Structures are given as structure tokens and as C-alpha cells.
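Participant: Model the following, please.
(chains A and B)
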Protein chains: 2
Amino acid sequence: MISVAILGFGVVGSGCAEVLTQNKDLIRAACGSDVEIKYILDLRDFPDSPFAKSVVHDFNIIVNDPEVSLVAEMMGGSHPAYEFTKACLQAGKSVVTSNKEVVANFGAELLALAEQNGVSYLFEASVGGGIPVLRSIYVDLASNRIGEVNGILNGTTNYILTSMKESGTSFDDALRAAQRLGYAEANPAADVEGLDAARKVAILCGLCFGKLIAPADIHTEGITAISGKDVSDAAQMGYAIKLIGHADCKDGKITALVSPRMVPMSNPLSGISGVFNGVLLNGNMVGDVMFYGPGAGKLPTASAVVADIIDIASGKGGTVKKPHFVNATADDLADFAAYSCARYFRFENSLSEVNAVLGERAGHILCEDGYVSVITAVPMSENEVAELATRLKVCSAMRVL
Amino acid sequence: MISVAILGFGVVGSGCAEVLTQNKDLIRAACGSDVEIKYILDLRDFPDSPFAKSVVHDFNIIVNDPEVSLVAEMMGGSHPAYEFTKACLQAGKSVVTSNKEVVANFGAELLALAEQNGVSYLFEASVGGGIPVLRSIYVDLASNRIGEVNGILNGTTNYILTSMKESGTSFDDALRAAQRLGYAEANPAADVEGLDAARKVAILCGLCFGKLIAPADIHTEGITAISGKDVSDAAQMGYAIKLIGHADCKDGKITALVSPRMVPMSNPLSGISGVFNGVLLNGNMVGDVMFYGPGAGKLPTASAVVADIIDIASGKGGTVKKPHFVNATADDLADFAAYSCARYFRFENSLSEVNAVLGERAGHILCEDGYVSVITAVPMSENEVAELATRLKVCSAMRVL
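Facilitator: Reported below is the predicted structural model:
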């Protein structure tokens, strides 16, 4: 019998209890013994829940109980989730979590602490919800040097961008519809401004390149400025607009950013619609591999948390494959101004003015409604883009994947 | 230092040596020690290879060397690969393989033998080449009951179907082009008749439902009868034709088949083009998850073989997560005649004749060139399809996903 404690009985926490209960026989078979929920820590009581008598309000009961060998933290937010995680690891308890904020900010420190205490800190659910992407990186793709990762990492923004494309609605209307359907929160800033995706990029950098980048060091642009004209230009030119978390590592220098991108239809990320997520990785041996599935939601996210529980519980003290990374230093980061990729621009200039400045760099050109829209034929750096804006009237600009 | 032996120095075997050499530092870091290729078993000599002095022709040298703890079998074909695998497991050596034929035919027996001898038998590369799908099922999705799996499991046929769609070529021309490009073998039967995909379905049934189905028990149809008219009908009706390996488990009864299908554009498998593979799984907690990537090729397949090597080597005698299944019995199999799904038909009848017979069952109807093409609105069983063929002139019929 393995006794676990759940910290936080919100959406994911209660989902975790549901997965452990509903698939009890499967989980017993996988672990070789039962997994029992001994405690649920929450500020609230849940008198009508089948788990009512497991609810406690004092974290010390959990951390001081030697029977609890595994803690599932699903509180959300940095504090006190970080402090509780630290205390559990120091007490020799393994911790699994869906809390991307804690992993993105403190993951390197917590992994080192787990290592020192001979326990595990796993966070499969923190990126891509139910999609098995993180363990695939550190186990299945361990024979590969990962060069680049691109992902649709936020379901809310993908839902909004999909609605804008499919029904021609504005950003504001699509956001309101997403809020009505429960796909966007009342305060949608963390999603629509790209902060949630940036945390996931931080974690992906840790697993792909061994260096956790502070989310604040990740250039982050959201989707609030995307217009209907951008969306229709994209469709006409054979692209879909997606909020893409990107990271690459060249010569040991990492570039990481979150921004809307024009994704060509030939890229499998272009077809990922609605609240689904996808992560496309390039390994030096395997080439391109993509993982697709529900990036959020109660049961999908809980499914990944429980996979981590099973991974540890079935280890029976043996070797659990563990993620490993350290904090990035300034020296690990590439100069963002030099970041280069193909670009989309919409100019309020004449075609001849555009051609005079862009010359051979212009690729696909669309002239419509008095605008000249261009997908460049060659990559342009951030510096070159800034310079271009001094010579032409750029009314929209976007990176291309 | 971990000493491995490679059995078979063909495409995948030499790729495996290349991955182990090129990413030596990564692999050392993941395993905690070097992985050395001590022997390569092949009938041929490779005097110009950097591995020339490791080549041996006598399997007994390998099986009798106690220093070799891990054997990578990449010989292809059932014999003597099966006998060699058995001998290695009995000698207390773990075995990893890309050989789907051996796994599909003897996997349950070999897993039991590995278990008895306290070693591992892993075969990530046997399905989906470099795509990390099998370990994801038995580790990441261990908290889920898998209800259904659908996959594009053969790159050759997907390349042919993609060419037929994109350039309107016939099956024969597309096959010849694939042969010229090295995507299809001189004798393409195993690919185009669906046998390769059936072996992979057999293995997926083992991992998803715990029962290995003999490939001979899997209803298998290839793509040789697909016509240009089928392809254009599909495109006009909003579908793509794909060779789909399907398996589902309902009330403990498994249905497994390989056949071409009309895949709606809303299904992410519809967008998988060329030689790429994709596997879409449905878990009772996570919902739909898809894995996409190169389903074959030297380095992608070798990447998966080396992932298995790392998984075992880094275990250091600890617990390696292991796949587990037994052979299916007749009692595990559903009655195929009752298998029900939506259908595509092209009839050489008038619309009124078709409507008189199909009635409410007709969904999307396309009348063109004297044919009536229909996608049914409701699922129809194999029995109902057979009955329909006695009442209407069916000139093409296909399952719909």
C-alpha cells in the first residue's frame, strides 16, 4: 500500500482523486500495490465528497506522517506551493505536480533537493496537460540532442485563434465566447498575454537543453493585437496563426520566445485546433516528432499527475528515470536581437515602395484593400525588422514558423 | 561501462552504432557510464567500417560472453532472430529490438522469458519507428484504460496515398515512384497489402489491452485496390484516404483490423502526409492523444532502439518499467462480422435506387460521372455491408474513421 497526500482539492486535485478511484485496478496492477489517498490538504471542507474524511487543513500533519511517501501538489500559484514542496522533499517524500509556475520558477532548485534526499520530483502535467511529452524527452528521446522545440502550449489562446479563423470573429468576441464556455478565465491575462505559455517554454528549455530559463527572460508576446485582417491574410497565404512557444539551442546558446506566428499548412502544428495542444520537437537522430492532445482539463491533467505517481510508486525504491536541469545563466542565452526567422508584414505602402525596400527578401506578396502583405523569402533578424519599420509603414508584423 | 552486442548490421543496426557513437556524451550522461559496442553479429564483414574489428560471425561468442549484458537485435525476420533472442534472455541478457515480426509473433513468450530471467525485453522501435509511442502507453498512460487506437503505421503506403491525392497519380505509378525513391521495396507486398501494419496492430493490442493478437487473426486489407476515383471522391467529400490500423476493446472483446479508411479532415490523422506515421489513442481519463513522427528510416528507428538501451542501462539493476502482455485466446476476440463503423460506398445505381435501399442511413451524397457516392450517416456492420451488396451495385466500399 502506497499512501499519498493531495495538496489542493481544486479542479486538478479532485480529478486526481477521480483517476485514482476510477482506474484503481489498473493502477494497482501497474504499481504492484494499492495507492491510497491518505490526506487531502485544502482550506475548504468537502462534506459531500467521498474523500471528506481525508481532508485536513494543517500541512504539518502530512509532512510529519512517515507513512506518506508521495505528495501530489496541485495547489497552483508559487506560494505556499513552493514552500510545501520543499518541506516534503526535505522530509524524504517524493513530489509530483501540475504546477507550472513552481516548476518554471524553482524547478532546478527542487530537482537538486529531490536528488539530495534520494526522492523524485516529477511534473509531467506541467506542460501539455495530459500529453505525455516531458517524460518522452528525458526517456524516449534520451538518445537525441534536441535542437529545437515549437509548441502550441496554451489551449485558451488556441481556442480563440481557431474561432477567429473559423467564424471570422474579432479577438474580443472570441475571448468573450471562450469565457462563456469556461475555456478562458475571467481574468484572461496569463493566457492571452502569453505568460502561461512562457512558463511552459521555460520548463521545455530545462528538459530539452538542460537549462531552466527564468520566464522573465523569455521574450513574450500575446495574441491581443491579432486582427481579423491578420487572420484572413494568413488563410489566403496558406498559413494559420498560432501562439507558438519556441526554443532553440545553437552552439550552446538558447533562444526562447513566445509569440503569435504564421504557421504554414505543411507544418503539423497548423492543424491543431480548439483547446488542443501540440509540441513539435526536433532531435538530431529522430528528426521531427510531435505530441498532440488535451493541454488542459480536469481528467487529462490528472491523468498525467497519476502517471507520475505510478512511475514513482512502481519504482519500489528502484531507479525512477528523473528529469534533470540547472538554472540558465546569462551566458546560456543567445542575443535576442539576432534571432532570425521568416516574417510576415502588412504594409501601408505601395507595392513599388515595398519592393524598393525589401527587394529580393520579399517572397509571397498579397495586395488587397490598399495593403501590401508579404511573407519574406529569407529569415530576418529582430534588428532588421526594427530597421525596416523606420523605412516602411508596418501596420502588422508577425514571425513565421 | 556497459557492453552491448548488435545482432544484424543492416540499415537499423548500423544506424544504432551511429547513434551510440554520435551522441556518446549524451548517452554517457543518461546512463551514468559508457555504452560500448563489443560485438556486431553479421554474416558479412565490414572491412571499411570503424566497427570492423567488432564484427563476429558466431552467435555463441556473444551469448557466452558474461560481459555482454544487453543485446540489440536488428536482424529482421522471425528466424533465427527469435531463437537468438530466446538464447540471450535465457543467458540473463536484456534484449532490445526493432523487429516487429518477432514481437508480433513471439512477444508474449519472450516477455515472460525475460521476466523469469530478471531481465528486460523492450521493443519501442517495432511500432512507429522513432515515435515514442509504446513506452508512452505503458508508462505515461498507465493511469488510463485505453479503449481504442487508430494509427497510420506504415510509411510506404502513406507515401503512396499522399502522392495519389496530391498529384492525382494511379496506385501503380505512385508505387513505382516510391520504389525509385527507396520508400518502397522491390517486393512491396508486406507494405501495400497491410501485413506490416497488421504486425504493429498486434503489438499495439498487446500494450493497450494486455493481449497480443496473432497477426493472422487481424482482418487485413491493403491499398492496392484504391482508385483515383476513390481518392477524388474522398477529397470532394472532405476526407483523406489512409491505411488505418485499428483496434478497440469493448467489454473485454477486442476488434483489430487494418484497412484503408476515409478519415475526416477534423481527425488529426487526416493531415499526416508522406512517409510520416501517427498513432491516435483514446484513454478513459486523458481522452485523445496523438503521436506523430518518422515511422521508419535508419536513424529515427535506431534512436528508439538506443532509447531502450538507455532505459535498461540507466536502470543499473533497478526497476525498468516493462511492457507486459499475454497471448490473446479466441475468447478475447470480438466477432468481426459485427464490427460496425460509418461507411463509404460508390454505387453504380441511380440516386433513387440508392435512396430506396439506404433510406435514412445515407448521409453525405455525391452524384458524379454516373456514380452515386455515399458516406453513411450511421455505423453499419460488416454483415449489413455484405447484405447491401446483394441489393445494390457496389463498385467501391471503404470504412470511415
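Participant: Show me what from the stretch 301-401 of chain A comes close to chain B.
Facilitator: If contacts are counted using CB under 8 Å from any CB of the partner chain, the residues of the stretch 301-401 of chain A sitting beside chain B are A:302-304, A:306-307, A:309-311, A:314-316, A:318-321. C-beta: built from backbone N, CA, C; applies to glycine.
Participant: List only buried entries from the residues you listed.
Facilitator: Listed as buried from these are A:Ala302, A:Ser303, A:Ala304, A:Val306, A:Ala307, A:Ile309, A:Ile310, A:Asp311, A:Ser314, A:Gly315, A:Val320, A:Lys321; burial here means 16 or more other CB atoms under 10 Å in any protein chain shown.
Participant: Same list (those residues) but as a markdown table, adding secondary structure, distance to B:Asn327 and pLDDT.
Facilitator: Supplementary listing: those in a markdown table, determined by DSSP: H, G, I helix; E, B strand; the rest coil; distance: CB to CB, whole Å; pLDDT from 0 to 100:
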| residue | secondary structure | distance to B:Asn327 | pLDDT |
| --- | --- | --- | --- |
| A:Ala302 | helix | 33 | 97 |
| A:Ser303 | helix | 29 | 97 |
| A:Ala304 | helix | 31 | 97 |
| A:Val306 | helix | 29 | 97 |
| A:Ala307 | helix | 27 | 95 |
| A:Ile309 | helix | 30 | 96 |
| A:Ile310 | helix | 25 | 94 |
| A:Asp311 | helix | 27 | 92 |
| A:Ser314 | coil | 24 | 87 |
| A:Gly315 | coil | 28 | 76 |
| A:Val320 | coil | 30 | 70 |
| A:Lys321 | coil | 29 | 80 |
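Participant: of all the residues you listed, which two lie farthest apart?
Facilitator: Put simply, by CB to CB the two of these set farthest apart are A:Ala302 and A:Lys321, 21.3 Å from each other.
Participant: Let me know the outermost residue of chain A.
Facilitator: For chain A, the C-alpha farthest from the mean C-alpha position belongs to A:Ser352; by CA atoms, centre = their mean, that distance is 41.9 Å.
Participant: Tell me the gap between the host helix or strand of that residue and the middle of its chain.
Facilitator: The secondary structure element spanning A:Ser352 is helix A:351-358 (assigned by DSSP states H and E). On the basis of CA atoms, centre = their mean, to the nearest Å, helix A:351-358 is displaced by 39 Å from the centre of the chain it belongs to.
Participant: list the helices and strands it packs on?
Facilitator: strand A:362-368, strand A:371-376 (3 or more CB pairs under 8 Å, 6 or more residues apart in numbering or on different chains; DSSP states H and E).
Participant: Let me have these in a markdown table, adding mean neighbour count as columns.
Facilitator: Output for the helices and strands packed on helix A:351-358, formatted as a markdown table (neighbours: other CB atoms under 10 Å in any protein chain shown):
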| stretch | mean neighbour count |
| --- | --- |
| strand A:362-368 | 15 |
| strand A:371-376 | 22 |
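Participant: Could you dump those into TSV and include mean pLDDT?
Facilitator: Formatted as TSV, the entries for those read as follows, by pLDDT from 0 to 100:
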stretch	mean pLDDT
strand A:362-368	95
strand A:371-376	97
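Participant: Out of the residues of the stretch 301-401 of chain A next to chain B, flag the one nearest to A:Leu161.
Facilitator: Ranked by distance to A:Leu161 (CB to CB), those are led by A:Ala304 at 24.1 Å.
Participant: Contacts only, for the closest one.
Facilitator: Under the criterion of CB atoms under 8 Å, 6 or more residues apart in numbering or on different chains, the contact partners of A:Ala304 comprise A:Ser98, A:Glu124, A:Ala125, A:Gly129, A:Gly130, A:Ile131, A:Pro132, B:Asp140, B:Val286.
Participant: Now it: closest residue in space that isn't a chain neighbour?
Facilitator: Excluding its sequence neighbours, the residue lying closest to A:Ala304 (CB to CB, 6 or more residues apart in numbering or on different chains) is A:Ala125, at 3.7 Å.
Participant: you'd agree the one you found is in a helix?
Facilitator: Yes. Looking at A:Ala125 with DSSP: H, G, I helix; E, B strand; the rest coil, it is inside a helix.
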